[in-house]
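K.L.:
Turn this into a structure:
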Amino acid sequence: MKSTNSVGLYNRLNLVLNTFNPSCWSDISQILAKLNQFKLTSQNGDNQNYLAKFANGTAFITFDFGIDGVSIEISKYAQTLEDIYAPFSESHLHMIAGNFQKEASSILKDDWSRFQVDGINGWDKWDDGKWFHALFKTEIKSNSQESKALAQEIFRQGVSIARILGKYFLDEQISILIPVNIASNPGNMALTLGVVLVTELLGIYVLNSNHDFYWESGRAAKDRKSGDKIGPRDHFFRNSTHKAFFKLFESLYPWNGQRWLQVNINTLQTQRLRRRTGIPEEKIFELSTAVSDRFFEKYTKEDVKYARLRMAHILSDGNSQLESVSIEQHLRTIGDWMNDQTPVLVGSRSGLVVDPESDNLTILLQPTRIIARKRIERNIDLIGALIRRSSFGKQFKENSDRQLVLHITGPVPVEHQKDLRKILLAYKRMRARLPDEIAQRIFVAFSVGQEDHATFPKRKFEPLTIDAIYRMANAVVFPSQTEGRGLPIIEASAIGLPIVCSKYYPTEVFQNVIGKGLPDELQIQYTLFLELNFSRGFLEEVSRILLTSRDELQSINHNRIAVQERYSHKALKRKFESLLAQLSRL
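P.N.:
Take a look at the predicted model:
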């Protein structure tokens, strides 16, 4: 039953929102500048015990929940907050998004409330990409009627979102909101605007979690030098010359609110944020990741086979035998497959069988979604080079029972179908360069975030967890071009897997992850994924990794100890406790 106070506050929120009637981008900026004049008192404002208050209602909001890195990090954050809140009150955690993919159930607990809001997904999933395209892919002419109409539409959507969120926040007694990437990576400008309006007007505390900023790998055309490549986020600067629009845009990403703290995932982001925005140093913090204790548990060869067996049932849709679909068939039906994205094993032809429990099976793991900046096609190039020019390839050719699977764990965002096609075409080219007898023993698996199957209970299988998926592999391959952190490096090290990775951009972020500058015992050891041609020395190093048992690889124990020291759950909990205390003082 709604409290009288909640109803009253919601009515007042609506009255204030009704006073806003902007006609252009500059009007919206003026409204935001005056928000503190309309500030409403939060219904929980008189509670002196801030942890008990936060425990009573904490909400996370992002574009959508799936099995991607952001969703997994939110799950870690939420579990950490549950631990912090436990001594003070029964915790009430809420997850808000434009969509909850079915895979999200593997990382979101059943007792965390879910609230799906139409119109708050991002990019091509924000009204089929109509508004994203209008803002960032099309020129907005200053002072034009089209510009004014677009400003009014985005504000209308923002107010609608603010009303929906405001009602939910008041009904559920939400006192702290944690937006993740909402106010740093502009997938939905109306959502960001709505979050700003409702949090400022209701006095909600905000920990603004920034995993990616729009200026990372992005800049205006005028700032590119001759010969510079177009960056993957250059489109956010498409209308940087429209001063009124871009002034508002820059103020929202990120918003420097009265009760907002900025929480970044690396030091470089913090430095750039201070320089670009002038947000006070005391309102900018960093929050590292944490690795589940399960990653550090010892496991046996039988545990590896058990993980592989369960994954085989996922890839085969519960069948007892894991068979391939031909590369031609998958390419031919790729459009239909994108709609449901069922797990599949792709081979040089259909009907090839893979034994998941074979000692002759090698699995290279790419634990990411399929998007261009991950450069997954480079793994295909590596496999082809290994087969043709290395000692691993020699043994692979000599032993007709040997098989190799490149396993990609994540789904394909709808806007990245062309990136999936690029991987498949690279696989097709590699096949053409190899004898058929060799090519038919090399596969690419797509598990699209699935960790369970309807047949598991009947077979008394436990659902897979992310640590179990890592256990399947002989090595992790990670030739990414740019990262906000680089979680696969940390997780591979924790589970005890060798990793072949690129020095992704920004370089400072990569160096922070591997621990450059720290004592040797805290640095992560890795094999550098070469950018151009693969040298014989590099291929032999990868061969050594794949042909040597894990117990004999010296880097394994070293990396596990280093990661345990730097990325423990206890360290993340201490950081959150500090952030909540700082937030309560705003």
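
K.L.:
show me where pLDDT drops low in the protein?
P.N.:
Of all residues in the chain, those with pLDDT under 70 make up the ranges 1-4, 39-48.

K.L.:
quick one, domains of it?
P.N.:
4-213+230-290+571-584, 302-567 (automatic domain parsing).

K.L.:
nearest to residue 223, of those?
P.N.:
Comparing those against residue 223 with Cβ to Cβ, the closest turns out to be domain 4-213+230-290+571-584 (8.0 Å). (Glycine included, C-beta is placed from N, CA and C.)

K.L.:
re the thing from before, could I get the domains of the chain as CSV with distance to residue 223?
P.N.:
Formatted as CSV, the domains of the chain follow (distance: least, Cβ to Cβ, whole Å):
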stretch, distance to residue 223
domain 4-213+230-290+571-584, 8
domain 302-567, 16
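
K.L.:
For stretch 104-120, C-alpha coordinates in CSV please.
P.N.:
Output of stretch 104-120 as CSV, limited to C-alpha atoms (Å, rounded to 0.1, in the frame of the first residue of the first chain):
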residue,chain,number,x,y,z
ALA,A,104,20.7,-12.5,-17.3
SER,A,105,19.0,-15.0,-14.9
SER,A,106,22.4,-16.7,-14.5
ILE,A,107,23.9,-13.7,-12.8
LEU,A,108,20.9,-11.9,-11.3
LYS,A,109,19.5,-13.4,-8.1
ASP,A,110,15.8,-14.2,-7.9
ASP,A,111,15.2,-12.0,-4.9
TRP,A,112,16.5,-8.9,-6.7
SER,A,113,13.5,-7.0,-8.0
ARG,A,114,13.4,-6.4,-11.8
PHE,A,115,11.7,-3.4,-13.4
GLN,A,116,11.6,-3.3,-17.2
VAL,A,117,10.9,0.2,-18.7
ASP,A,118,10.0,0.6,-22.4
GLY,A,119,12.2,3.1,-24.2
ILE,A,120,15.3,3.0,-22.0
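
K.L.:
buried ones in that stretch?
P.N.:
For stretch 104-120, a neighbour-count test (16 or more other Cβ atoms under 10 Å) marks 104-108, 112, 117, 119-120 as buried.

K.L.:
Just the ones of those residues in helices?
P.N.:
Of these, none are assigned to helices by DSSP state H.

K.L.:
Please identify which pair of these lies farthest apart.
P.N.:
Every pair of the buried residues of stretch 104-120 checked by Cβ to Cβ; the farthest is 106 and 119, at 26.0 Å.

K.L.:
Show me which residues of the host helix or strand of residue 250 are buried.
P.N.:
Assigned by DSSP states H and E, residue 250 falls within helix 243-252. Residues of helix 243-252 classed as buried: 244-246, 248-249, 251-252 (neighbour count, 16+ other Cβ under 10 Å).

K.L.:
ok, back up a step: adding distance to residue 437, write the buried residues of stretch 104-120 out as a markdown table.
P.N.:
A markdown table is the format used below for those (distance: Cβ to Cβ, whole Å):
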| residue | distance to residue 437 |
| --- | --- |
| 104 | 42 |
| 105 | 42 |
| 106 | 38 |
| 107 | 41 |
| 108 | 45 |
| 112 | 51 |
| 117 | 54 |
| 119 | 54 |
| 120 | 52 |
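
K.L.:
which one among those gets closest to residue 400?
P.N.:
Relative to residue 400, the closest of the buried residues of stretch 104-120 is residue 106; by Cβ to Cβ it sits at 36.8 Å.

K.L.:
ok, that closest one - contacts?
P.N.:
For residue 106, the contact set (Cβ atoms under 8 Å, 6 or more residues apart in numbering) comprises 67, 449, 451-452, 463, 465.

K.L.:
Of those residues, just the buried ones, ChimeraX syntax please.
P.N.:
A single ChimeraX command selects the buried members of the contacts of residue 106 (16+ other Cβ under 10 Å):
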select :67,449,451,452,465
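
K.L.:
residues in contact with stretch 282-291?
P.N.:
73, 76, 80, 209, 256, 260-267, 269-270, 273-274, 485, 487, 490-491, 494, 563-564, 566-569, 571-572, 575-576, 579, 582.

K.L.:
Please narrow the residues you listed to those residing in helices.
P.N.:
Per DSSP H, those map to helices at 73, 76, 80, 267, 269-270, 273-274, 487, 490-491, 494, 563-564, 566, 569, 571-572, 575-576, 579, 582.
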